[in-house]
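In: give the three-dimensional model of this entry:
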Amino acid sequence: MKSSLGLEAKLPVFDLLKEAIVLLWAKRNIVIPMFLPVIFVLATVDFISEVYFSPVVTDDAQVVEVDPMVEAGQSMKQLGMSLIAMLFSILMATAAHRFTLLPRDQWYTNGLHGWGKNEWRYLGRAVVIGFIAGIAALVPFFIGAASGSQEGIVAGGTVGGLIAMYLFGRLSITLPEVAIGKQGDLKRAWALSEGNGTRMVIVVLLIPIAMIIPAAILYWLESHLATYFALLVVYVGSLISVTILSLSYQFLIDFYEPESLAPEVLSEELEQPAEKEGESGRFDA
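Out: Reported below is the predicted structural model:
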C-alpha cells in the first residue's frame, strides 16, 4: 500500500514501544483501575491451572506415575482453564485497543467488560490468522519430512516457522481494527502491512517474547509467590504488547488513510484545542 503521494510507511518499532510505555504510564490513573482487575484474574486462572492441575510431582520434583484417567482429567481441567484465560485475554485486548485508538466516550469502563460482537469477531479473526499461519508452517515441514532425512525435517520446520511468523505478524495488524468495530478484512491487512513484514514480526512476536524473560527468571525460583508474580509480569507485558500493536495500526492508518481513524477526535480537537489530560487514549505515533 502507498500513500496519496506514492510513499510507503516504515514502522518505527522501538519508538512505538517507547510511546506505548509512555502512554500507559502517563494515563496510569486510568490504566490501573481499568486493567489491573483483568490482569489479576488472568494471573489467578493461570496460577490455578499450573499449581493445581499440573501432573502430580514428588518433593524432589520427579513426576510420579498416575492413573491415566486422573491424568486425562487433569489435562482437561488445564485445557478448560486455558480457554477461560483466552476469553479474558480477548476482553483485555479489545479494551486496550479501544483505549489506545478511540475517544474516551467509546472506551470500555473496565477490562472485565461484557462479551459482545466485537469480541466474537476478534476471536474469529485471531483463529483464522492462527490457522493460516499453522497451515503455512506445516507445508514446508511435510515437504522436508518427505525427504526422509533429519536435515530435511529441520530445514522444513525452520522455513515453515519463519513463514508462519511472517504471516502471523502481517495479518495481525487487522486485530485493532476489529476491536474498534471496523470491517477490515485480511486482504486489507496484507496491503496495510506491506513493506513492514519484519517489523510486524518484531511487534507481534519478538517484543512479547522479550517481555517474558523477566517472568522466566521468576519461574526458576520455584515458589508459588514467585510463580504468581511472574504471571502478573507476563500479563502486564501483554498489555504493553497490545498497546504497541494498536499504535502500529494507528501509525499506518494515519500515514495511508488519515481521514479514516476516529473522525470524532478531529472534530473534538477543532472545538477544544486544549484537551484535558486523560480525555482521549489516542497517542500520536
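In: ok, which stretches of the chain are helices?
Out: 13-26, 28-52, 68-101, 117-146, 150-171, 174-179, 186-192, 197-201, 207-219, 224-256, 263-271 (DSSP state H).
In: any idea of the mean pLDDT for the third one?
Out: Along helix 68-101, the predicted confidence averages to a pLDDT of 87.
In: show me what that helix packs onto, helices and strands only.
Out: With contacts defined as 3 or more CB pairs under 8 Å, 6 or more residues apart in numbering; DSSP states H and E, the packing partners of helix 68-101 are helix 28-52, helix 117-146, helix 174-179, helix 224-256. C-betas here are computed from N, CA, C, even on glycine.
In: ok, which of the ones you listed comes nearest residue 82?
Out: helix 28-52 (6.8 Å; CB to CB).
In: please name every helix or strand in contact with that closest one.
Out: Short answer (3+ CB pairs under 8 Å, 6+ apart): helix 28-52 packs on helix 68-101, helix 224-256.
In: including distance to residue 133, could these go into a markdown table?
Out: Formatted as a markdown table, the helices and strands packed on helix 28-52 follow (distance: least, CB to CB, whole Å):
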| stretch | distance to residue 133 |
| --- | --- |
| helix 68-101 | 17 |
| helix 224-256 | 16 |
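In: can you put those helices in CSV and add mean neighbour count and distance to residue 183?
Out: As requested, the helices and strands packed on helix 28-52 are exported to CSV (neighbours: other CB atoms under 10 Å; distance: least, CB to CB, whole Å):
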stretch, mean neighbour count, distance to residue 183
helix 68-101, 18, 15
helix 224-256, 21, 14
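In: out of these, which comes closest to residue 10?
Out: helix 224-256 (9.3 Å).
In: what mean pLDDT does the closest one have?
Out: Mean predicted lDDT for helix 224-256 stands at 94.
In: report the angle between it and helix 28-52.
Out: Per axes from the mean of the first three to the mean of the last three CA atoms, to 10 degrees, the angle that helix 224-256 makes with helix 28-52 is 130 degrees.
In: hang on, the earlier thing: of the helices of the chain, which approaches residue 111 most closely?
Out: helix 28-52 (3.4 Å).
In: give the buried residues for the closest one.
Out: 30-31, 34-36, 38-39, 41-43, 45-47, 49-50 (16 or more other CB atoms under 10 Å).
In: ok and it relative to helix 207-219, angle-wise?
Out: Using the same axes, to 10 degrees: helix 28-52 against helix 207-219 is 60 degrees.
In: name the residues that touch helix 28-52?
Out: 24, 77-78, 81-82, 84-85, 88-89, 91-92, 95-96, 99, 107-112, 224, 227-228, 231-232, 234-236, 239, 278 (CB atoms under 8 Å, 6 or more residues apart in numbering).
In: so it versus helix 68-101, what angle?
Out: 170 degrees.
In: what's the distance between helix 28-52 and the middle of its chain?
Out: Averaged C-alpha coordinates place helix 28-52 at 15 Å from its chain's average position (CA atoms, centre = their mean, to the nearest Å).
In: quick one: mean pLDDT for it?
Out: For helix 28-52, the per-residue pLDDT averages 93.
In: can you pull the contacts of the residue nearest to residue 96 when sequence neighbours are not counted?
Out: Nearest non-adjacent residue to residue 96, counting by CB to CB, 6 or more residues apart in numbering: residue 242, 4.4 Å away. Residue 242 makes contact with 92-93, 96-97, according to CB under 8 Å, 6+ apart.
In: likewise residue 170?
Out: 189-190, 193, 196-197, 200 are the contacts of residue 170 under CB under 8 Å, 6+ apart.
In: kindly recompute the last result at 7 Å.
Out: By CB atoms under 7 Å, 6 or more residues apart in numbering, the contact set of residue 170 is 189-190, 193, 197, 200.
In: by neighbour count, which of the residues you listed wins?
Out: Using other CB atoms under 10 Å as the neighbour test, the contacts of residue 170 are led by residue 200, with 26 neighbours.
In: with residue 140 as the reference, measure out to the closest residue to that one other than its chain neighbours.
Out: Leaving out its chain neighbours, the residue that sits closest to residue 200 by CB to CB, 6+ apart is residue 169, at 3.7 Å. Distance, residue 169 to residue 140, by CB to CB, to the nearest Å: 17 Å.
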